[in-house]
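**Student:** A structural model of the following input is requested.
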Amino acid sequence: MPAFTVGTDVDFLQGFLTGRRGNAAMFVEQTRWSSATGWVVSRAPRQGASAHVVLFFGAQEAIESSRAPEVLRAAHPLARIVGCSTAGEISETNVYDGSVVATAIHFEHTVVRAACQPLLSAEDSRAAGERIAGDLASDDLVHVFVLAEGLKVNGSDLVAGLRHGLPTGVAVTGGLAADGALFEKTSVYCDGEPDGGKVAAVGFYGDRLKIGYGSMGGWDTFGPERLVTRAEGNVLYELDGSSALELYKTYLGSHAADLPASGLLFPLSLRGASGDPGIVRTILGIDEAAGSLVFAGDIPQGGYARLMKANVDRLIDGASGAATSCHVPLASSLPSLGILISCVGRKLVLKQRTEEEVESVRAVLGDEAVLSGFYSYGEIAPFASSTRCELHNQTMTITTFTEE
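**Tutor:** As a prediction, this is how the structure comes out:
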């Protein structure tokens, strides 16, 4: 398939016809950019079907080299275009690095709106979530898909703000932007230029859209459970009265020299003192002077923490389990699109077996679903079949869409 450039081959992209994908109402086009091929169309909607929303995920350098926002705007002038930087891109059952994957979606019966808010600091996270919710809230809102900057954010506060402002029963899925394993800069895009501190969200409206979602891990705990004796927000200072950073280094051994990146291989399993469902947290940064660890979401003081380590087969089984959970809300419907957001820590562990977790999702969702997604610094999804969304780490989180 030939590459295309803005102003030259956009008509080819818009008019390319390979037959419809999915059910009678919803059409999905997928394109991918790499330095070797340029932009390549892998799936296209029926002729004349304009996209309502385009989701794109890519390595920061690839987004800049491909001029993705400009190209996608030229190809889909009526669509809302939302995307973010990543730690790896998912297209069908392939996992890429240094590419851009764009998915354009056309609906017959569903209305789409987008909202974008600045994220001034981690302390602004809850307020940013509330502002996004205020922009999107409506009686006919059925789902929100959100992307947020991945470093200066408190993901727990962000989802708390979203929960507070959205109508009861509206679920939220999405993830935090990434920067490979560098942890230096992440970007979110919303109908324009990138912004290192931003939250973007897409709201879906109408009663014909069916959404499925699932989120599972597959890590094993080890070592004793320890009391969180000092924590503030997403910063952990002490476990059992001792420096959290020093204790963590003791467990990591030779891996400690590579913090914070090596922390992706050893996340924390947390449970509240009240017996709340356990969540997983991954390190985003360390503070040597304070002896503290910075996480993507809140660490509850008075809760309990245990270290976790990888079990490759269980990680792959977890991805399959997340896909199975997506079928519960869909009933007898088959998904037209699956958006997969998996943690960069899983990718670092799975290595050459990374594509196996994507293949396990395909085996459950079937061949008709277009698969797209990215590797992230955090995943946002409800617990099980509840609509209460939470920030997760080290999970495979899947959102499926179909329109009836």
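
**Student:** every contact and neighbour count from this point should use C-alpha atoms.
**Tutor:** Will do.

**Student:** burial of A322, as a residue count?
**Tutor:** 25 (other CA atoms under 10 Å).

**Student:** equivalent analysis for the one 3 residues further on, please.
**Tutor:** Under the neighbour criterion other CA under 10 Å, S325 is assigned a count of 20.

**Student:** let me know the secondary structure of it.
**Tutor:** helix (DSSP: H, G, I helix; E, B strand; the rest coil).

**Student:** now it. Nearest residue, chain neighbours left out?
**Tutor:** In this structure, S325 finds its nearest non-sequential neighbour in G214, 4.9 Å apart by CA to CA, 6 or more residues apart in numbering.

**Student:** phi and psi next, for the one you found.
**Tutor:** When read as degrees, to the nearest 10, the backbone of G214 gives phi -160, psi 150.

**Student:** and it, how many neighbours does it have?
**Tutor:** Using other CA under 10 Å, G214 is surrounded by 27 other residues.

**Student:** now swap in H106 and tell me
**Tutor:** Count around H106 with other CA under 10 Å applied: 22.

**Student:** which residues touch the residue nearest to S325?
**Tutor:** 321-326, 381-384, 397-399 (CA atoms under 8 Å, 6 or more residues apart in numbering).

**Student:** give the bridge partners for it, please.
**Tutor:** I398 (DSSP bridges).

**Student:** that one and F374, how far apart?
**Tutor:** G214 sits at a distance of 16 Å from F374 (criterion: CA to CA, to the nearest Å).

**Student:** what of E149?
**Tutor:** 14 Å.

**Student:** what's whichever strand or helix holds A127 in contact with?
**Tutor:** Under the criterion of DSSP states H and E, A127 resides in helix 125-136. By CA under 8 Å, 6+ apart, the list of residues contacting helix 125-136 from outside reads 113-119, 153-155, 157-166, 199-201, 203.

**Student:** buried residues, the longest strand along the chain. List them.
**Tutor:** Of all the segments of type strand in the chain, defined by DSSP state E, the longest one is strand 220-232. Going by neighbour count (16 or more other CA atoms under 10 Å), the buried part of strand 220-232 is D220, T221, E225, R226, L227, V228, T229, R230, A231.

**Student:** okay, how far is it across stretch 305-318, tip to tip?
**Tutor:** Stretch 305-318 has an end-to-end distance of 21 Å (CA to CA).

**Student:** hmm, back to that, the longest strand of the chain: partners in the sheet, and parallel or antiparallel?
**Tutor:** In the sheet, strand 220-232 lines up with strand 235-239 (antiparallel), strand 304-309 (antiparallel) (DSSP bridges).

**Student:** mean pLDDT lowest for which of the ones you listed?
**Tutor:** Note on the strands paired with strand 220-232: lowest mean pLDDT is at strand 304-309, with a mean of 89.

**Student:** contact partners for N234?
**Tutor:** N154, V294, F295, A296, G297, D298, I299.

**Student:** look up the closest residue to it, ignoring the ones flanking it.
**Tutor:** For N234, ignoring the flanking residues on the chain, the nearest one in space by CA to CA, 6+ apart is D298 at 4.0 Å.

**Student:** tell me where the stretch 101-250 of the chain has helices.
**Tutor:** Using DSSP state H, counting those that start in this stretch, the helices found in the stretch 101-250 of the chain span residues 125-136, 155-165, 244-252.

**Student:** need the ones you listed in TSV (columns: distance to D313 and mean neighbour count).
**Tutor:** Below are the helices of the stretch 101-250 of the chain laid out as TSV (distance: least, CA to CA, whole Å; neighbours: other CA atoms under 10 Å):
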stretch	distance to D313	mean neighbour count
helix 125-136	35	23
helix 155-165	28	23
helix 244-252	22	17
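
**Student:** show me where pLDDT drops low in the stretch 1-150 of the chain?
**Tutor:** 1-24, 44-49 (pLDDT under 70).

**Student:** strands of that one, start to end?
**Tutor:** With DSSP state E, counting those that start in this stretch as the criterion, the stretch 1-150 of the chain has strands at 27-34, 38-43, 53-58, 80-85, 89-91, 94-96, 100-106, 111-118, 141-148.

**Student:** may I see the ones you listed organised as a markdown table, with distance to R208 added?
**Tutor:** Output for the strands of the stretch 1-150 of the chain, formatted as a markdown table (distance: least, CA to CA, whole Å):
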| stretch | distance to R208 |
| --- | --- |
| strand 27-34 | 14 |
| strand 38-43 | 23 |
| strand 53-58 | 17 |
| strand 80-85 | 20 |
| strand 89-91 | 26 |
| strand 94-96 | 30 |
| strand 100-106 | 13 |
| strand 111-118 | 10 |
| strand 141-148 | 10 |
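
**Student:** nearest to A178, out of those strands?
**Tutor:** Closest to A178 of these is strand 80-85 (CA to CA; 5.5 Å).

**Student:** could you find the closest non-adjacent residue to E403?
**Tutor:** L209 (4.4 Å).

**Student:** quick check: pLDDT value at the one you found.
**Tutor:** Looking at L209, its pLDDT is 92.

**Student:** swap in R346?
**Tutor:** 89.

**Student:** ok, it to L166 distance?
**Tutor:** From R346 to L166 the distance is 31 Å (CA to CA).

**Student:** same drill for these two, tell me which one is more crowded.
**Tutor:** Neighbour comparison, R346 and L166: the larger count goes to R346, with 27 against 24 (by other CA under 10 Å).

**Student:** which strand or helix spans the more buried one?
**Tutor:** Going by DSSP H and E, R346 is part of helix 344-350.

**Student:** now whichever helix or strand comes after that helix, how far from the centre of its chain.
**Tutor:** Where DSSP H and E defines the elements, the next helix or strand beyond helix 344-350 is helix 354-365. On the basis of CA atoms, centre = their mean, to the nearest Å, the separation between the geometric centre of helix 354-365 and that of its chain is 16 Å.

**Student:** same deal with stretch 148-158?
**Tutor:** On CA atoms, centre = their mean, the centre of stretch 148-158 falls 12 Å from the chain's centre.
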